[in-house]
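Asker: my questions are about this predicted structure, shown below with the sequence.
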Amino acid sequence: MADTIIATLHYGNNLTISQDYSVKEYTDAILENGSFSAEVNNLMIAIQDYGHFSQLMLSKANDWTIGKEFAEMPGSFTGTYSETSEIAQAKDGVKDFAIERDTGDSGVERVEMKLLLDSKTTINIYLHVKDSYSGEVSATLDNGTTNVAKKLSDKKYLVQIMNIPVHELGDFHTIKVTAGTEFNVKVAVLSYVHGVLNSEAESIGNVDITTMKNAVTALYRYYDAAMKYKASVSN
């Protein structure tokens, strides 16, 4: 978000116009303007914090150095979110978003969830198949799309729900999985936030739990600010 983007317009043979900008510069300009609504300003702050805390998490997950591979994205918090304030508020906000994934007596042993963070968010659902099961695994999304289970290995399949915008992070999606018998996975992006904030693990992957909690709290606060902004312009 802090990296400079150079946009160049070539007009005819002789005229070239270039403009340098970044997400950070845009959000700073809005906040410094002083004439925008509280909902707009809060959304800009939430975007900055989301960029800041997700960058800290992604740098540890991908083993790169902030300020080297990517410019540092500052946030409104110089330290970390408070367990009794911001994190507690986020935990309460996602209390009804736990993933539902009862595999029953199907050939799937467990279901794992991860997120792919981009300009829009992607849900990755991994289906881990029992050693004793050698049949087919298939999946259908609730929008009617079939054959969405991608085989990664004999014992692992991937289902993706792609390109989810920020105002839809709280929308649930149902995946019907067939592996001998059928079961459903009901999931939203905020289900991942719920899972991290309620985790008792010391780390997730190679990222410590404090960094993970800060990142998903920032994601929730971004979603919450976006929904409040969306409501303000709809009225």
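Answerer: Structure received.
Asker: who does the host helix or strand of I175 touch, helix- and strand-wise?
Answerer: Using DSSP states H and E, the element containing I175 is strand 173-179. Counting contacts by 3 or more Cβ pairs under 8 Å, 6 or more residues apart in numbering; DSSP states H and E, strand 173-179 is packed against strand 121-129, strand 138-141, strand 156-164, strand 181-187. C-beta: built from backbone N, CA, C; applies to glycine.
Asker: could you say what helices and strands the last one packs with?
Answerer: Right, strand 181-187. Applying 3+ Cβ pairs under 8 Å, 6+ apart, one finds that strand 181-187 makes contact with strand 108-116, strand 121-129, strand 173-179.
Asker: okay, those in TSV with mean neighbour count next?
Answerer: Shown next, in TSV, are the helices and strands packed on strand 181-187 (neighbours: other Cβ atoms under 10 Å):
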stretch	mean neighbour count
strand 108-116	16
strand 121-129	19
strand 173-179	19
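Asker: got the contact list for I6?
Answerer: Taking Cβ atoms under 8 Å, 6 or more residues apart in numbering, we find I6 in contact with S18, Q19, D20.
Asker: which one among these gets closest to S37?
Answerer: For the contacts of I6, the closest approach to S37 (Cβ to Cβ) belongs to Q19, at 26.4 Å.
Asker: for L115, what are its contacts?
Answerer: Contacts of L115 by Cβ under 8 Å, 6+ apart are T121, T122, I123, N124, V189, Y192.
Asker: need the pLDDT of the fifth one.
Answerer: Spelled out, that is V189. Note for V189: predicted pLDDT of 98.
Asker: and the gap between it and I125?
Answerer: 12 Å (Cβ to Cβ, to the nearest Å).
Asker: now swap in K114 and tell me
Answerer: Distance of K114 to I125, computed by Cβ to Cβ: 8 Å.
Asker: so which of the helices and strands packed on strand 181-187 is nearest E25?
Answerer: Among the helices and strands packed on strand 181-187, strand 121-129 sits nearest to E25 (Cβ to Cβ), with 23.5 Å.
Asker: for the closest one, name the packing helices and strands.
Answerer: So strand 121-129, by 3+ Cβ pairs under 8 Å, 6+ apart, packs with strand 108-116, strand 156-164, strand 173-179, strand 181-187, helix 189-197.
Asker: pull the distance from the third one to the chain's centre.
Answerer: In other words, strand 173-179. Taking Cα atoms, centre = their mean, to the nearest Å, one finds strand 173-179 lying 21 Å from the centre of the chain it belongs to.
Asker: run through who's touching that strand.
Answerer: Outside strand 173-179, the residues that touch it by Cβ under 8 Å, 6+ apart are 103, 106-108, 123, 125, 127, 129, 133, 135-142, 148-149, 159, 161, 182-188.
Asker: and these, which are buried?
Answerer: Burial by neighbour count, 16 or more other Cβ atoms under 10 Å: within these this picks out 103, 106-108, 123, 125, 127, 129, 133, 137-140, 148-149, 159, 161, 183, 185-188.
Asker: can you list the weak-confidence ranges in the protein?
Answerer: Within the chain, not a single segment meets pLDDT under 70.
Asker: where exactly do the helices run in this protein?
Answerer: For the chain, the helices defined by DSSP state H cover 23-33, 38-62, 86-93, 189-197, 209-234.
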